[in-house]
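K.L.:
please work out how this folds:
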Amino acid sequence: MLINPGNGGTEYVKIFNPNASAVSLDGWSLSTLTGATGTLARATFPAGAAVAPGASVVATPSGATYRLQVDPYASAAATFEFGATPSGFGTRMSVTTTYTPALSNTAANVILRDYAGAEVDVSRYAVCSTS
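P.N.:
Numbering: from 1, shown residues only. Below you'll find the model as predicted:
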């Protein structure tokens with residue numbers, strides 16, 4: 001996961017499958033929960049989405065920016081976009097909340113849920129100030 005990238009970069013969440021068989025992401029979602037009021041934003045993977053064995057997929061606001069600035073060899077088939085303005089590189093995720101998902105620059109929970117809504121994984125982060 002990359003938060004608050006510099007120089008106009010793009011945030012992203014990478015999901016890795018360590019298993020020997022593919023994992024379907026059909027109907028799975030990524031949610032961000034931020035702030036004291038618990039602002040929730042969710043993006044859902046489309047039908048047919050999957051992570052191949054030993055491979056990764058990336059969820060990012062802009063697939064084109066991710067490919068340009070992070071991984072020039074990124075596959076469109078393994079890139080999913082959730083930004084308000086999709087770049088067209090990758091597959092569009094369905095945003096089902098009022099807020100478009102984004103990674104807070106200070107602290108958040110990023111939650112991966114399966115098709116039934118069960119929590120599969122949570123990453124919590126907070127940015128510490130050195131001043």
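K.L.:
find the centremost residue of this structure, please.
P.N.:
Ala59 (3.3 Å; Cα atoms, centre = their mean).
K.L.:
give me the distance between Val110 and Gly9.
P.N.:
17 Å (Cβ to Cβ, to the nearest Å). Bear in mind the C-beta positions are built from the backbone N, C-alpha and C, glycine included.
K.L.:
contacting residues for Ala20?
P.N.:
Neighbour list for Ala20: Pro53, Gly54 [criterion: Cβ atoms under 8 Å, 6 or more residues apart in numbering].
K.L.:
and it, that one's in a helix?
P.N.:
No - applying DSSP: H, G, I helix; E, B strand; the rest coil, one finds Ala20 to be coil, outside a helix.
K.L.:
for this structure, which segments count as helices?
P.N.:
Ranges of helices in the chain, per DSSP state H, are 63-69.
K.L.:
show the model's pLDDT score for Ala52.
P.N.:
Note on Ala52: pLDDT of 93.
K.L.:
right, I mislabeled it, should have said Ile15
P.N.:
With respect to pLDDT, Ile15 has a value of 92.
K.L.:
what's opposite it in the beta bridge?
P.N.:
Val57 (DSSP bridges).
K.L.:
quick check: the gap between it and Thr106.
P.N.:
Separation of Ile15 from Thr106 (Cβ to Cβ) stands at 23 Å.
K.L.:
picking that back up, Val110 and Gly9: who's more crowded?
P.N.:
Val110 (21 against 15; other Cβ atoms under 10 Å).
K.L.:
which residues touch the more buried one?
P.N.:
Listed by Cβ under 8 Å, 6+ apart, the contact partners of Val110 are Met1, Val13, Leu30, Ser31, Thr32, Leu103, Val122, Ser123, Arg124, Tyr125.
K.L.:
hey, what's it bridged with?
P.N.:
Counting by DSSP bridges, the residues bridging with Val110 are Thr32, Ser123.
K.L.:
per-residue confidence for it?
P.N.:
85.
K.L.:
do the same with Ser129
P.N.:
So, for Ser129, pLDDT stands at 63.
K.L.:
what's the answer for Val58, then?
P.N.:
Confidence score, pLDDT, at Val58: 91.
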